[in-house]
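Peer 1: Sequence first, predicted model second:
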Amino acid sequence: MLLGRKLWVGLAILFSSAVLISCGPSLEQQVETAVAQTAAAATSTPTILAECVASLVPGSSTVTCEGVDYDLGILEECFATPCGLIVDYPPEGLTGEQTDAYTNMTALGNAAGYVVVQPNSSSPGVRMHRIFFDALIGALDIDVSRVHVGGFHSGGDQAWRFVCGHSDLIASAAPQASGGVPCVSEDNRLPAEQVDILMLHGRKDSVTPFARGVTQLEFVIESWDMTASEVLADEPTYKWTRWTNEQGTVLEFVEFDWTTPTGEGHCYPGGVGSGGCGIDTPIHYGEAALNFYIAHPKDA
């Protein structure tokens, strides 16, 4: 009796499997479907993001694309004449508006003829940001020799990721308080093109230790054969050094002792508030980054 039950159960399983196999798609069909879905996603994403920038307006606005809010500052003249583009990445947890309170980049950049973008998150993948920036560049006819990216902490990491993977897009970068990313810390993977870089790091930074910034700095100096150095400023509270190589690539490093009111060295120079080093610091991040961008367009 037990044997008969086993036989019936076995036959039932075989029959069910046969039905599933006959009714479901073949392995080849499943692969074809997956490939088609991937291709459709790759095609639709740029289309979706292009739609996000189809109704841009002068002044300050926020555009939402693929779940990410981008705060934009666009001059009226940028709709008729090519302007530059500055991306000012926030640290994790800050909005674009909060970041702008520390950097003042929208007012500074607009006054110098740049469209300013401040994403409300530094988390989404660089590829998605790149697609959005490309769409924005096309919609406004941005001067592609004047595209720059900077940021603080995790926003600085994002700036480094653009240096690593999208050196074709950016002219120069200004990462601050960043702790290193793959292209400058693992396997000696370097950008396809050298990019002029301004780095800033607090010596008393306990969130992203100063030593991590120095390690990143030394890697770039060695990898890009930066043999010529010049001290631009050596003051009691900060030092500003420049390196160059035979290709003319520039790397500058600002190291400082300024802290927040609570004594934390992980702060925006010139910024006011819990994350700022204070308005009286001789260097303000937004001004320093903008001046560096202006002085270092692509292929200049």
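Peer 2: That came through, no problem. Numbering: from 1, shown residues only.

Peer 1: Mind jotting down where the helices sit in this protein?
Peer 2: 2-23, 27-52, 96-103, 105-111, 126-140, 154-165, 210-223, 285-295 (DSSP state H).

Peer 1: Residue 278 against residue 258, yeah?
Peer 2: Yes - Residue 278 lies in contact with residue 258 (C-beta atoms under 8 Å); the separation is 6.6 Å. Bear in mind the C-beta positions are built from the backbone N, C-alpha and C, glycine included.

Peer 1: neighbour count winner among the two?
Peer 2: Just comparing residue 278 and residue 258: by other C-beta atoms under 10 Å the higher neighbour count belongs to residue 258, 22 against 16.

Peer 1: Pull the contacting residues for the residue nearest to the more buried one when sequence neighbours are not counted.
Peer 2: Nearest residue to residue 258, sequence neighbours excluded (C-beta to C-beta, 6 or more residues apart in numbering): residue 277, at 3.8 Å. Contacts for residue 277 were tallied using C-beta atoms under 8 Å, 6 or more residues apart in numbering; they are 202, 256, 258, 259, 260, 267, 268, 269, 270, 271.

Peer 1: redo that, cut-off 6 Å
Peer 2: Shown here is residue 277, whose contacts under the criterion C-beta atoms under 6 Å, 6 or more residues apart in numbering are 258, 267, 269.

Peer 1: any idea how far residue 106 lies from residue 97?
Peer 2: 9 Å (C-beta to C-beta, to the nearest Å).

Peer 1: So which of these two has more stuff around it?
Peer 2: Using other C-beta under 10 Å, the more surrounded residue of residue 106 and residue 97 is residue 106, with 25 against 14.

Peer 1: Mind pulling up the pLDDT for the more buried one?
Peer 2: Note on residue 106: pLDDT of 97.

Peer 1: try residue 222
Peer 2: 89.

Peer 1: And it, how far from residue 65?
Peer 2: Counting by C-beta to C-beta - residue 222 and residue 65 are separated by 39 Å.

Peer 1: Those two: which is more packed in?
Peer 2: When neighbours are counted by other C-beta under 10 Å, residue 65 comes out ahead of the other of residue 222 and residue 65, with 22 against 10.

Peer 1: and that one, bridged to which residues?
Peer 2: Per DSSP bridges, the residues bridged to residue 65 are residue 68.

Peer 1: same check, this time on residue 228
Peer 2: Beta bridges link residue 228 to residue 244 when assigned by DSSP bridges.

Peer 1: Also the one 10 residues further on?
Peer 2: Under the criterion DSSP bridges, residue 238 forms beta bridges with residue 256.

Peer 1: shaky segments in the chain?
Peer 2: Counting by pLDDT under 70, the chain contains low-confidence ranges at 1-50, 122-125, 181-190, 300.

Peer 1: ok, so what distance separates residue 93 from residue 53?
Peer 2: Residue 93 is 26 Å from residue 53, by C-beta to C-beta.

Peer 1: neighbour count winner among those two?
Peer 2: Neighbour count, other C-beta under 10 Å: between residue 93 and residue 53, residue 53 has more, with 20 against 11.

Peer 1: Hmm, that one is touching residue 139, no?
Peer 2: Yes - with contact defined as C-beta atoms under 6 Å, residue 53 counts as touching residue 139 (4.2 Å).
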